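>>> Quick one: sequence and predicted model below, then my questions.
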Amino acid sequence: MRAEVILSPAEFGLHELAGKTAVVIDVFRFTTTVLTALEAGMDRFFPVTDVEEAWALKGAQPNYLLAGERQALRIPGFDFGNSPLEHYGKEYSGGDLVCTTTNGTAAIHGAKGSREVVLACLRSAQAVAEYVLEQGNDVILLPAGLKGTFSLEDTWCAGLILSMLQPGELGDGAKSALLIYEGIPREELRQSLHGQRLTSLGLHADLEFCLELNCSSGVVVWNQESGWGGLAR
């Protein structure tokens with residue numbers, strides 16, 4: 001297996017994705033939130049890049065639920081923001097989420113053209129690594145970043161997953177992510193730029209929840225053809 005990490009969202013279009021399993025990571029908070037919502041009983045999610053498209057889908061299908069944020073704040077009129085704690089401990093009897101966020105939903109669309117798109121976070125890192133190994137493809141990890149730039153927590157998570165995959169060949173980005181994971185304690189991720197943003201908004205509980213490690217067996221996948229995603233297991 002060969003593994004690479006795209007360290008900046010600005011570089012998504014510069015890498016060959018065909019035939020590879022793409023792993024999209026947005027620890028603070030989209031991939032964590034989607035995992036939590038699906039585990040609470042939501043059926044599926046549909047990521048879009050802008051608010052207008054979300055409202056248009058809602059207009060065509062009023063039963064859709066809207067979820068998302070801009071600058072970490074819930075979008076006015078939406079059913080949910082982007083907090084995993086809105087869903088944790090709930091028991092939904094189904095539901096379709098249309099989602100749009102500052103970083104995560106754009107990163108998912110940046111993975112188009114890959115063999116398969118998987119979503120990962122710290123809570124599901126081990127489960128995702130096991131799933132990727134089962135697929136047996138080369139892997140490319142896409143940290144969602146922060147407003148198009150590098151993000152520490154997403155790259156650290158990529159390094160964690162790589163440490164479990166132990167691929168035979170590493171690209172430069174993958175080598176860098178491993179070094180970040182090995183050299184920086186997980187607790188320091190609270191001090192990342194995005195971590196500081198959540199702290200400044202008083203979202204301490206969200207931050208702590210997103211930093212919990214390997215406590216979920218769920219693996220989220222996204223179907224590029226239908227645009228819908230859900231739990232693979």
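Perfect, I can see it now. Residues are numbered from 1 along each chain as shown.

>>> Just want the most central residue of the chain.
Per CA atoms, centre = their mean, the C-alpha nearest to the average position across the chain is that of residue 31, at 3.0 Å.

>>> That residue and residue 122, how far apart?
Separation of residue 31 from residue 122 (CB to CB, to the nearest Å) stands at 9 Å. For glycine as for every other residue, the C-beta is placed from the backbone atoms N, C-alpha and C.

>>> cool, residue 188 as well?
13 Å.

>>> Report the contact partners of residue 1.
Applying CB atoms under 8 Å, 6 or more residues apart in numbering, we find residue 1 in contact with 136, 137, 138, 139, 165, 167, 168, 169.

>>> can we see that at 6 Å?
Counting by CB atoms under 6 Å, 6 or more residues apart in numbering, residue 1 touches 138, 167, 168.

>>> If any of these are buried, put those into a PyMOL selection.
Provided next is the PyMOL selection string for whichever of those are buried by 16 or more other CB atoms under 10 Å:
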select buried, resi 138+167
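
>>> In TSV, list the contacts of residue 1 along with distance to residue 71, secondary structure and pLDDT.
Formatted as TSV, the contacts of residue 1 follow (distance: CB to CB, whole Å; DSSP: H, G, I helix; E, B strand; the rest coil; pLDDT from 0 to 100):
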residue	distance to residue 71	secondary structure	pLDDT
138	35	coil	98
167	36	coil	95
168	41	coil	95
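
>>> of all the contacts of residue 1, which comes closest to residue 129?
Closest to residue 129 out of the contacts of residue 1 is residue 167 (10.6 Å), distances taken as CB to CB.

>>> on that earlier part again, I'd like the average pLDDT over the helix or strand harbouring the residue nearest to the centre of the chain.
Element membership for residue 31, per DSSP states H and E: helix 30-39. For helix 30-39, mean pLDDT is 98.

>>> helix or strand right after it?
Following helix 30-39 in sequence, per DSSP H and E, is strand 44-47.

>>> neighbouring contacts of that next one?
34, 96, 97, 98, 99, 105, 108, 227, 228, 229, 230.

>>> and what of stretch 153-161?
Applying CB under 6 Å, 6+ apart, the contact partners of stretch 153-161 are 5, 25, 27-28, 122, 125, 129, 141, 143-144, 177-178, 180-181, 189, 192.

>>> switch the cut-off to 8 Å
5, 7, 23, 25-28, 120-122, 125, 128-129, 132, 141, 143-145, 174, 176-182, 184, 186, 189, 192, 194-195.

>>> Same question for stretch 58-70.
With CB under 8 Å, 6+ apart, stretch 58-70 has contacts from 33, 37, 42, 45-46, 51, 54-55, 57, 74-75, 77-82, 95-102, 105.

>>> What subset of those is buried?
Those of the contacts of stretch 58-70 that meet the buried threshold are 33, 37, 42, 45-46, 51, 54-55, 57, 74-75, 78-82, 95-102, 105, by 16+ other CB under 10 Å.
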